[in-house]
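Colleague: Dropping the sequence and predicted coords here.
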Amino acid sequence: MEEKGKTVKENRQHGSINLPTELSWQGPMAENWRLFRQKFEIYLIASDNEGKSPRVKTALLLNAIGERCIKIYNTFVFEKAEHGNDINKVTQKFEDHFNPEKNETYERYRFFTRMQKDGESYEDFVVVLRDLSSTCNFGVLTESLIKDRLVCGITDTTVKDRLLRTKDLTLDKAINICRISQETRMQLEKITLAHTPDNAHSSNSSDYNINKFNEKQNKLTKSGFTGQLEKKYKENFNYDKKLCKRCGYNHPMRKCPAYGKRCVRCNGYNHFSSQCRNHCVHEIIIQSFLK
């Protein structure tokens, strides 16, 4: 009775620990098998099954790995019949099946030609490089070559320039520089966009007023004003002048909608960003932050 109560208690303790999902057949099978094996080993430890007999652990493996792999297991030939229940012998058979002998030259080609993809973070890129290097037999040069591939493979030329100018660059230093650069860029985007909605609202409001004025102006023009009325209209509304250099619109004299407004591009006053002459200020600020 006491033994039964103990078993129930253990089941409750490990009730939330599930077997790993079946081996995936999508993508490279060597990587799928390596991931499944790692998850299964974690499961054995977490569920307190690591100390169980090889026969029990083999049964757990076959129960988790899926029907398709059980059919593969049935084709394995063991030196001794009992080896079919030995977890080490069984996993080695699966290892040989999913991981045939590697072509080292080709594996290194994959590593040295890997470039950072669009939208791929620096951290994800390093993870991929580590995974590719695992089949290249680089030995003690692994960390150094991953660092070199990181520098050569990233797409941001500004960050690449900084990495190349860093003395005694290591993989950890390179990853840290890339991470800081990525965080800085995100912060800069938030800073530059912080006041955009308010300025956009002001601009839209001014655009609305100017459009209403221009509509009124067009209606009056089409209605056929003549003589003194037309002359007075043109004088009051600056009808025959060029577009304003501060707002880009035609408006009554001393009624510029840009007056008192701050430019989003250069932070100067009394002109809209569309008419700003300091076109390169924003780009220069960003470059100075990244250097």
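Modeller: Here it is on my side, so go on. Numbers count the residues shown, from 1 in each chain.
Colleague: For the chain, which helix or strand comes out least confident on mean pLDDT?
Modeller: The weakest-scoring helix or strand in the chain, judged by mean pLDDT, DSSP states H and E, is helix 2-13 (a mean of 45).
Colleague: Quick check: residue 59 vs residue 73, distance?
Modeller: Residue 59 sits 11 Å away from residue 73, going by C-beta to C-beta, to the nearest Å. Any C-beta I mention is one placed from the backbone N, CA and C, and that applies to glycine too.
Colleague: How about residue 188?
Modeller: 55 Å.
Colleague: How about the backbone phi and psi for the spatially closest residue to residue 91 that is not a sequence neighbour?
Modeller: Distance criterion C-beta to C-beta, 6 or more residues apart in numbering; nearest residue to residue 91, sequence neighbours excluded, is residue 37 at 6.7 Å. For residue 37, the backbone dihedrals are phi -60, psi -40 (criterion: degrees, to the nearest 10).
Colleague: and the closest residue to residue 73 other than its chain neighbours, what are its phi and psi?
Modeller: Spatial nearest neighbour of residue 73, chain neighbours left out: residue 62 (6.3 Å); criterion: C-beta to C-beta, 6+ apart. With angles defined as degrees, to the nearest 10, residue 62 sits at phi -70, psi -30.
Colleague: Tell me, how many residues neighbour residue 62?
Modeller: Look at residue 62: counted by other C-beta atoms under 10 Å, it has 14 neighbours.
Colleague: just residue 193 next, same as before
Modeller: Burial of residue 193 is recorded as 10 neighbouring residues (other C-beta under 10 Å).
Colleague: Same check on residue 265?
Modeller: Counted with other C-beta under 10 Å, the neighbours of residue 265 add up to 20.
Colleague: Likewise for the one 4 residues further on?
Modeller: Other residues near residue 269 number 11, with proximity taken as other C-beta under 10 Å.
Colleague: picking up where we left off before, with neighbour numbers in mind, choose between residue 59 and residue 73.
Modeller: Between residue 59 and residue 73, counted using other C-beta under 10 Å, residue 73 has the larger neighbour count: 17 against 14.
Colleague: so the more buried one makes contact with residue 85?
Modeller: No - using C-beta atoms under 8 Å, residue 73 is not in contact with residue 85; the gap is 11.2 Å.
Colleague: any idea where the strands of the stretch 101-250 of the chain begin and end?
Modeller: In the stretch 101-250 of the chain, no strands are defined using DSSP state E, counting those that start in this stretch.
Colleague: can you give me the helices for it?
Modeller: 104-112, 122-133, 142-153, 157-165, 171-193, 196-222, 227-237 (DSSP state H, counting those that start in this stretch).
Colleague: tilt between the fifth one and helix 157-165?
Modeller: Meaning helix 171-193. Between the axes of helix 171-193 and helix 157-165, defined by axes from the mean of the first three to the mean of the last three C-alpha atoms, to 10 degrees, the angle is 150 degrees.
Colleague: got the angle between helix 171-193 and helix 142-153?
Modeller: Computed by the same axes, to 10 degrees, the angle separating helix 171-193 from helix 142-153 equals 30 degrees.
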